[in-house]
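Asks: fold the stuff below for me.
(2 chains)
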Amino acid sequence: MPGVCGHDLLSNLPGPLIEEILNWLPLRDAVRTSILSRAWRHHWKTIRRLDFDLRDPDSYLEKPGYSLKFLGMAENLGLVQVLAGSPHLRRLEIICSARKRDNYCTKTRRRSAPVNETEVMNSTWGVLKELRSFDIVYMTDSEIKYVESILARAPALETLGVHFKGASLLEALNLLPRASPNVKMLQLSSTDLPDW
Amino acid sequence: MSESTEKKMVRLRSSDGEVFEVEESVAKVAKTLQDMLEEDCADAVIPITCVRAPILTKVIDYCKDQVMISSSSSTTNNPNERTEQERKAWGQKFMEGVDSSTLCELLVASNFLNIEGLLNLGVDKMVSMIQGKYPQEIRDMFNVVNDFTPEEEEEIRNQNAWAFERDPYYKKRSSSK
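Replies: Prediction:
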């Protein structure tokens, strides 16, 4: 007897273990398991944690209730596309850092056209009606418009965290009157550049 | 630990009938066994029905190591204590050469026996084996039979097309092998 792992070795693993493995895989690899076999078709949808990989600027998913975490800049990254494809997003965290930004600028420009500002403001990417929590860590002035755009589309937002560096914090404060009336908790901090 | 104390031994029987005698402290690394021992069924041979002898050997090796590093942890200078880096390196070495089928059995065993550290090592290993591979490579590695029709497979690929594009990320991974 070949032990407990019969023919399909992976499917014999207990469900929670499969989830655990999928949770630790990069999102792309987790999604790719959907074509292994029928049994694997929907497994990846159990993942609870999504760290959005900026090397995949065009990627977005239709999975309810998850959070997206962006590391890097929102510009050029198809953020609009991502949000348009995530009407059920509950939690969004955007982290930027100068160093990452430099890296990604060169990489992403080659692959995708920069997002048009007017497009961001006027696009029909709908309402993030389930977004409850939104954190922005160190965005620059030019990215504040994205924040504004997100706030305007998040009527259910309850927690807003703004962790800006220096002067940008003041600009962020200007946005707050436009934030959703349902915000119950506001966290403001002036932060130094994240150390990557 | 003083040498005059006779160490209490525990016997474990693998699914294929082999009996292993280990110190109680080693067996107790496995939470499942710890619970059983505390409920006082230590006299009998404990059947580990879902774990074969070669896998149980590996599990016991792991448990012995855990006992060794924690045995003198109360003293300030434990020669066996590991830094985070050493711990990682040890874990990697422990899982080195473990093939896909052994890995699955190890995961099932550590899940059943409730050995968190070994479970984490197994999950890490599994992640590193799957990451960056083409679906067919993963199927081959774990004997997964593709029961989709080509049309169905195409449809699923199209649903999240970005995940299936060939891109530098994948080329880089495969060429670094």
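
Asks: got the buried residues for stretch B:87-103?
Replies: Of the residues in stretch B:87-103, those scored as buried under the neighbour-count criterion (16 or more other CB atoms under 10 Å in any protein chain shown) are B:Gly91, B:Phe94, B:Met95, B:Val98, B:Ser100, B:Thr102, B:Leu103. Where C-beta positions appear, they are placed from N, C-alpha and C, glycine not excepted.

Asks: tell me, which of these make contact with chain A?
Replies: The subset of the buried residues of stretch B:87-103 within reach of chain A, by CB under 8 Å from any CB of the partner chain, is B:Ser100.

Asks: closest to chain A out of the buried residues of stretch B:87-103?
Replies: Proximity to chain A was ranked across the buried residues of stretch B:87-103 by CB to the nearest CB; first place goes to B:Ser100, at 6.1 Å.

Asks: which members of the buried residues of stretch B:87-103 are positioned in helices?
Replies: Among the buried residues of stretch B:87-103, the subset assigned to helices under DSSP state H consists of B:Gly91, B:Phe94, B:Met95, B:Ser100, B:Thr102, B:Leu103.

Asks: which residues touch A:Lys184?
Replies: Contacts of A:Lys184 were listed using CB atoms under 8 Å, 6 or more residues apart in numbering or on different chains, and they are A:Glu158, A:Thr159.

Asks: from chain B, how far off is it?
Replies: Note on A:Lys184: its distance to chain B, by CB to the nearest CB, to the nearest Å, is 35 Å.

Asks: okay, that residue: pLDDT?
Replies: The per-residue pLDDT reported for A:Lys184 equals 80.

Asks: what's the spacing between the most centrally placed residue in chain B and chain A?
Replies: Taking CA atoms, centre = their mean as the criterion, B:Gly122 is the residue nearest the geometric centre of chain B, at 3.8 Å. From B:Gly122 over to chain A the distance is 8 Å, taken as CB to the nearest CB.

Asks: let me know the average pLDDT across stretch B:88-101.
Replies: Here stretch B:88-101 scores 91 as its mean pLDDT.

Asks: give me the distance between the two termini of it.
Replies: Using CA to CA, to the nearest Å, the end-to-end distance of stretch B:88-101 comes out at 23 Å.

Asks: what about the residue of chain B positioned farthest from its centre, distance to B:Arg157?
Replies: When distances to the mean C-alpha position of chain B are computed (CA atoms, centre = their mean), the maximum falls on B:Glu151, with 37.1 Å. When distances are taken as CB to CB, to the nearest Å, B:Glu151 and B:Arg157 turn out to be 11 Å apart.

Asks: mind telling me what element the residue nearest to the centre of chain B is part of?
Replies: With the criterion set as DSSP states H and E, the secondary-structure element containing B:Gly122 is helix B:116-130.

Asks: just checking, next helix/strand downstream of that helix?
Replies: Of the helices and strands lying after helix B:116-130 in sequence (DSSP H and E), the nearest is helix B:135-142.

Asks: and that following helix, which residues are buried?
Replies: Under the neighbour-count criterion of 16+ other CB under 10 Å, helix B:135-142 has B:Pro135, B:Ile138, B:Arg139, B:Met141, B:Phe142 buried.

Asks: which neighbouring elements make contact with that helix?
Replies: Using 3 or more CB pairs under 8 Å, 6 or more residues apart in numbering or on different chains; DSSP states H and E as the contact definition, the elements that helix B:135-142 packs against are helix B:100-113.

Asks: tell me what angle the helix it packs on forms with helix B:116-130.
Replies: Using axes from the mean of the first three to the mean of the last three CA atoms, to 10 degrees, one finds that helix B:100-113 and helix B:116-130 are set 150 degrees apart in direction.

Asks: residue contacts, B:Leu121?
Replies: When the contact criterion is CB under 8 Å, 6+ apart, the partners of B:Leu121 are B:Tyr62, B:Gly91, B:Phe94, B:Met95.

Asks: B:Gln34 too?
Replies: Contact criterion CB under 8 Å, 6+ apart gives B:Ala27, B:Lys28 as the residues in contact with B:Gln34.

Asks: and it, that one's in a helix?
Replies: Yes: counting by DSSP: H, G, I helix; E, B strand; the rest coil, B:Gln34 is part of a helix.

Asks: thinking again about what came up before, ok, the buried residues of stretch B:87-103 vs A:Leu10, which is closest?
Replies: Comparing these against A:Leu10 with CB to CB picks out B:Ser100 as the nearest, at 8.7 Å.

Asks: spatially nearest residue to that closest one (excluding sequence neighbours)?
Replies: The spatial neighbour of B:Ser100 that comes closest, neighbours along the chain excluded (CB to CB, 6 or more residues apart in numbering or on different chains), is B:Met141 at 4.7 Å.

Asks: could I get the buried residue list for the helix holding B:Gly122?
Replies: By 16+ other CB under 10 Å, the buried positions in helix B:116-130 come out as B:Leu118, B:Leu119, B:Leu121, B:Gly122, B:Val123, B:Asp124, B:Lys125, B:Met126, B:Val127, B:Met129, B:Ile130.

Asks: save those residues as JSON lines, and put in pLDDT too.
Replies: Putting those into JSON lines (pLDDT from 0 to 100) gives the following:
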{"residue": "B:Leu118", "pLDDT": "95"}
{"residue": "B:Leu119", "pLDDT": "94"}
{"residue": "B:Leu121", "pLDDT": "94"}
{"residue": "B:Gly122", "pLDDT": "95"}
{"residue": "B:Val123", "pLDDT": "93"}
{"residue": "B:Asp124", "pLDDT": "92"}
{"residue": "B:Lys125", "pLDDT": "94"}
{"residue": "B:Met126", "pLDDT": "94"}
{"residue": "B:Val127", "pLDDT": "91"}
{"residue": "B:Met129", "pLDDT": "93"}
{"residue": "B:Ile130", "pLDDT": "92"}
